[in-house]
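Asks: Here is a sequence with its predicted model. Questions after.
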Amino acid sequence: MNQENISNQHSPWNKGRLIGQKSPLKLKEIWAIRIRLQMAKNTRELALFNLAIDSKLRGCDLVKLKVSDVAQGGRVSSRAIIMQQKTHRPVQFEITEQTRESLANWISQAQLKSDEHLFPSRIHASPHLSTRQYARIVEHWVTSIGLDPAACGTHSMRRTKATLIYRRTKNLRAVQLLLGHTKLESTVRYLGIEGDDALEISEQTEI
């Protein structure tokens, strides 16, 4: 066996791939996707996109939401609370006005009932959108505005608003609660806070 074959056999699995945390979206990227969906009159995906950003939920929790989780008596709520699949702990999130409007439009258009899933699957065997289907939709969103799908994915949706909130407030505890993390260290790692950033926060805290 020659050296080239040996080298090929032992090539690392991640050679040529981007690994690690997915990048959060920037404000201009959020609006680029949102406007494309609005122009395409894609009511379902606009509601999904807006709620993904607002809720900061993992994909597995987002796709399983029911109408009753976000709306009561035919009216979309300004806040919601769900039990996380991964941690089995409740997490609360806000639903902004534009997200409420897009959700109301989708619920009305799809004629969804309170006990039905918010994003039903178009495959009869599944009651709701699968995480794989959601990942494909997100991939389409990011590629439509020229982003690399290897760098942005479903976790980008979860990280986006949390990152923006942290950058504006530097309030780690608030972001921890919004993400439903049990440990502050998890939030620090999740946001990718660098040493200088952490020191800056520490310097602003007087004892």
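Replies: Here it is on my side, so go on. Residues are numbered from 1 along each chain as shown.
Asks: and V70, how far is that from M157?
Replies: Here the distance between V70 and M157 works out to 16 Å (CB to CB, to the nearest Å). In this view, the C-beta of every residue, glycine as well, is placed from N, C-alpha and C.
Asks: Neighbour count for the two, which is higher?
Replies: With other CB atoms under 10 Å as the criterion, V70 and M157 differ in neighbour count, and M157 comes out ahead with 29 against 26.
Asks: so that one makes contact with L51?
Replies: No. M157 is not in contact with L51 according to CB atoms under 8 Å; the separation is 9.3 Å.
Asks: Overlap in contacts, these two.
Replies: By the contact definition CB atoms under 8 Å, 6 or more residues apart in numbering, M157 and L51 are jointly contacted by L62.
Asks: list the contacts for L57?
Replies: 65, 82, 84, 91, 93, 158.
Asks: SS state for it?
Replies: Put simply, L57 is coil when judged by DSSP: H, G, I helix; E, B strand; the rest coil.
Asks: Start at 17, not 1
Replies: Right, with 17 as the first residue, what we last looked at is L73.
Asks: coming back round to it: pull out the buried residues from the contacts of L73.
Replies: The neighbour-count test (16 or more other CB atoms under 10 Å) marks 81, 98, 107, 109, 174 as buried among these.
Asks: Spatially nearest residue to the last one, not counting backbone neighbours?
Replies: Right, the one you point to is R174. With CB to CB, 6 or more residues apart in numbering as the measure, K72 is the residue that lies nearest to R174, at 5.4 Å, once sequence neighbours are left out.
Asks: and if you look at the fourth one?
Replies: Distances taken as CB to CB, 6+ apart put S71 closest to F109, at 4.5 Å, once the chain neighbours are dropped.
Asks: what's around the one you found, how many residues?
Replies: Using other CB under 10 Å as the criterion, the residues surrounding S71 number 25.
Asks: which ones are touching it?
Replies: S71 makes contacts with 78, 96, 109, 111, as judged by CB under 8 Å, 6+ apart.
Asks: Quickly note the distance from it to A48.
Replies: Between S71 and A48 the distance is 20 Å, computed by CB to CB.
Asks: which residues of this protein fall in strands?
Replies: Chain-ordered strands for the chain, with DSSP state E as the definition, fall at 87-88, 91-92, 95-99, 106-110.
Asks: Dump these to CSV, plus distance to L195 and mean pLDDT.
Replies: Output for these, formatted as CSV (distance: least, CB to CB, whole Å; pLDDT from 0 to 100):
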stretch, distance to L195, mean pLDDT
strand 87-88, 23, 93
strand 91-92, 22, 95
strand 95-99, 13, 93
strand 106-110, 7, 91
